[in-house]
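Peer 1: A predicted structure for the sequence below; I have some questions about it.
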Amino acid sequence: MPRLPFSRLVVGTLRRLLYLWVRSETIGKSALTLDLDRSKPVFYVLQSPSLSDLMVVEQECRKNALPRPLAQVSMEGHQEPEACFFLDAPSRWLGRRSKPVIAPTLTRLVTLVSQNALAEAQIVPVSVYWGQSPSRETSPWKLLFADSWAVTGRLRKLLTILFLGRKTRVQFSAPIQLRELVSQGKGAERTQRMAHRILRVHFRNQKAAVIGPDISHRRNLVKGLVHAPLVREAIAAEAERDGISLEKAEARALRYGNEIASDYAYTAIRFLELVLTWFWNKIYDGVQVNNVDGVKHIAHGHEIIYVPCHRSHIDYLLLSYLLFRNGLSTPHIAAGINLNMPVIGGLLRRGGAFFMRRTFKGNPLYTAVFNEYLHTLFSRGFPVEYFVEGGRSRTGRTLQPKTGMLAITLRSFLRSSRLPIAFVPVYIGYERVLEGRTYLGELRGAAKKKESIGDLFRVLGALRQRFGQVSVNFGEPIRLAEFLDRRQPDWRQNSGGPDYRPEWLNGVTNQLGTEVARHINEAAAINPVNLVAMVMLSTSKLAIDRPGLASILEAYQTLLRQVPYSPHTTVPQGNGEALIQHVLDMALIDSQRDALGEIIYLNEQHAVLMTYYRNNVLHIFALPALLASFFQNSGRISREQILRYTRAQYPYLQAELFIRFEAEELEAAVDRWLDAFVDMQLLRREDDVFIRPAPSSGQFVLLTLLSRSIVQTLQRFYMTIALILDHPQQSLTAEELESLCSVMAQRLSILHGLNAPEFFDKTLFRHFIATLLEQGVLRTDAEGKLSHHPKLGELVESVAKRVLPAEVRLSIRQVTLDRQRSPQPDSVEP
């Protein structure tokens, strides 16, 4: 599109007039860091012809000291009137597009490079987005004119500038080197088509990453589900089983599809941005986002599945909001059917939520429709989000994965792996969860309440509290193909139809669930509340003087920085005194003064609630706490003994807390922590022996507090083994043992005043027993009765003497003896 000097003068004048109203900014990969060789010609390519877009790019290039798109380019005897061109043909006033052609500028550049008349030319793709700004939107009316996949005519463009001109973003992408394309030797004409195709794919992927893939109308999508082969088979089976006509069975499938499918609307996403911006600013002091650049990198060319931890109902709203604000497409979110409430359900559906029943059991038609819907989302490249934990964690721990959605994802990938899948783990760390009061009741034993609209008003009523900050950390992505290569190397050789279920599917799905949970925990955001809870709950009377607490908090911070749990884990800034004051301001701890100074303490209510926040990060402290526990009953231990005791207990801690280190990495991790203990004078080393400090020293106090953070977990392990040994071989099933453990743990917690409701959580005992079976410590016979190795008691007692105080072991044995003396209640039966 050549322009005379007078034309450029006119364009320059129009740009100045345009910027009397328009405000723009550069997003994504900063234009200042582009890999440009300024000695070689630079050309900018925009997707659609638009004078306003071009002027915005001109302005951003001026701001960032980049070569200007409207400047003339001199190239080894050849001149181009402008350093820019458009990929698509121009559209008409109402949006109809002309026949596609290859841009003349691109044709000339490829020809010159092919003929060696030009050494190199760099093509920089540029995208301009109107109405997507991190700053706050003020009018829902403007949402009607935000960017979408619809062809934009000049009239709509004019309205877009008027309504959204002050909310404009420009994204520069890495340059394409034409010499690399020409060097493939395909000839000038084929190279032109290849360059055009590369740019077209780039713009499509770029736009999909920012505003989401192009989506068909919901009604057409649901109708398409009913015509899928697997759903047709399920319809026929449903009609035969229930004795109804095919038409009625098909209508039932359509009803299921409408019940499930989201009604994704970009205008609803923009509306939710307005509401949520107000919401976050109202209740939170800020939202910290870490490692989002890795997501932007992998979003191109991958089907993204976000797998966050689940701590609050607002998790999915927060994640969608942050993705949108960071220029990424908001995902379609799997939500429980219990959230499909009047008003709220419709808004969530339009914001991308699709609803699923809690169980698919006994309904193969519903299962087929849901599986096909999810496969459609995956195959079309829609980002998806689901929670592998199933429900919200009431204890603050990462829950055992529910593998149903993972299994559906795996089967869909095996059915059609055209688009690679990447799981993006997300850790969401709250300094105070909105549902804290509800969780407090449930932690004390109250029944879980059903969600209702009233919950919304109760949350709004709690806005008078201070909720602190939220941290959202994106973890290391899990590429599904690479994961399968490690776990099932021959997976590509397997072939089957749409309903293909390989024998290894269940095992690999369970391994994937564990991998996802570990990656979520790797991205943990440690906040001041977590650290204060970790220390306070380890004190003997839930109280400590303020200077002592500040000193211990700073020691914990030093340890966490010296031995980072993972590159994706974050540690709070500020000294110990600042952390204490922050938690005091949130009214999660209390203080009182006496003649000797200030005491920080936990009342009964806060003591129970703070177990939730301690459990958020317990997995990070578990290994150093275990090492510290070895020195509570021993003054000197050799490195070889430390490794032996650690290896004996680590599989059970890892299985319960999803600790990241594999067995082959454990020795190096132990050495790093021991070196850190020595550096901080918590231990002393003589040759290959580690020696604890004097029991009267501050270092030993710190070592003791650290060990206490894991002592209740070790108590549960010891109590379970004690109950196993208390019964004859092959006299208990796993279910009976689980119930017995829960009853005994409740009794122990009452007798010894333990403020840890998860101490008697049945699911923790269930998983520990399952791990004992996996490790071969326990075995089952044909009737499911448990047996164990004859030397189990001797082995366990020798380890317990190292890690548990004598009074703890004695109290557990005493409770066991009391149980033997008293009649056995029927309630022990599962």
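Peer 2: Noted; the coordinates are in hand. Numbering: from 1, shown residues only.
Peer 1: make it CA atoms for all contacts and neighbour counts henceforth
Peer 2: Noted.
Peer 1: doesn't V424 make contact with V295?
Peer 2: Yes - here V295 lies in contact with V424, judged by Cα atoms under 8 Å, at a distance of 7.4 Å.
Peer 1: who has more neighbours, those two?
Peer 2: V424 (24 against 20; other Cα atoms under 10 Å).
Peer 1: how about low-confidence regions in the stretch 151-300 of the chain?
Peer 2: 151-156, 208-217, 266-267 (pLDDT under 70).
Peer 1: list the residues that contact C309.
Peer 2: Going by Cα atoms under 8 Å, 6 or more residues apart in numbering, C309 touches 387-389, 398, 425-428, 520.
Peer 1: quick one, grab the pLDDT at it.
Peer 2: Turning to C309, the model gives it a pLDDT of 96.
Peer 1: got the phi and psi for it?
Peer 2: Taking degrees, to the nearest 10, you get phi -70, psi 160 for the backbone angles of C309.
Peer 1: please report how far it lies from R766.
Peer 2: According to Cα to Cα, to the nearest Å, C309 and R766 sit 21 Å apart.
Peer 1: circling back: which of the contacts of C309 fall in strands?
Peer 2: Of these, the ones assigned to strands by DSSP state E are 425-428.
Peer 1: next up, the contacts around Q488.
Peer 2: Neighbour list for Q488: V508 [criterion: Cα under 8 Å, 6+ apart].
Peer 1: switch the cut-off to 10 Å
Peer 2: Contact analysis of Q488 by Cα atoms under 10 Å, 6 or more residues apart in numbering lists 481-482, 504-505, 508.
Peer 1: ok, it to Q79 distance?
Peer 2: According to Cα to Cα, Q488 stands 57 Å off from Q79.
Peer 1: now the ones in strands among the contacts of C309 in TSV, with distance to G776, neighbour count and pLDDT?
Peer 2: As requested, the ones in strands among the contacts of C309 are exported to TSV (distance: Cα to Cα, whole Å; neighbours: other Cα atoms under 10 Å; pLDDT from 0 to 100):
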residue	distance to G776	neighbour count	pLDDT
P425	31	27	98
V426	33	27	98
Y427	33	27	98
I428	36	24	96
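Peer 1: can you put those in TSV and add distance to T359?
Peer 2: Formatted as TSV, the ones in strands among the contacts of C309 follow (distance: Cα to Cα, whole Å):
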residue	distance to T359
P425	24
V426	25
Y427	26
I428	26
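Peer 1: kindly indicate which of the residues you listed lies nearest G12.
Peer 2: When the ones in strands among the contacts of C309 are compared for distance to G12, the smallest value, 45.7 Å, is given by V426; criterion: Cα to Cα.
Peer 1: I'd say the closest one and N521 touch.
Peer 2: Yes - V426 is within contact range of N521, at 8.8 Å (criterion: Cα atoms under 10 Å).
Peer 1: identify the contacts common to the two.
Peer 2: If you check V426 and N521 against Cα under 10 Å, 6+ apart, the residues they both contact are 309, 475.
Peer 1: centroid residue for the protein?
Peer 2: The residue at the geometric middle of the chain, judged as the C-alpha nearest the mean C-alpha position with Cα atoms, centre = their mean, is V426 (1.4 Å).
Peer 1: please name the nearest non-neighbouring residue to it.
Peer 2: With sequence-adjacent residues excluded and distances taken as Cα to Cα, 6 or more residues apart in numbering, V426 is closest to P308, at 4.2 Å.
Peer 1: can you name the element that comes right after the helix ranked longest in the chain?
Peer 2: Ranked by residue count and defined by DSSP state H, the top helix of the chain is helix 188-211. Next along the chain after helix 188-211, taking DSSP states H and E as the criterion, comes helix 218-226.
Peer 1: mind giving me the packing neighbours of that next one?
Peer 2: helix 229-242, helix 246-260, helix 364-379 (3 or more Cα pairs under 10 Å, 6 or more residues apart in numbering; DSSP states H and E).
Peer 1: give me the angle between that helix and helix 229-242.
Peer 2: Between the axis of helix 218-226 and that of helix 229-242 there is an angle of 70 degrees, by axes from the mean of the first three to the mean of the last three Cα atoms, to 10 degrees.
Peer 1: can you tell me what sits against helix 218-226?
Peer 2: Around helix 218-226, the neighbours that count as contacts under Cα under 10 Å, 6+ apart are 215-216, 231-232, 234-235, 250-264, 368-373, 375-377.
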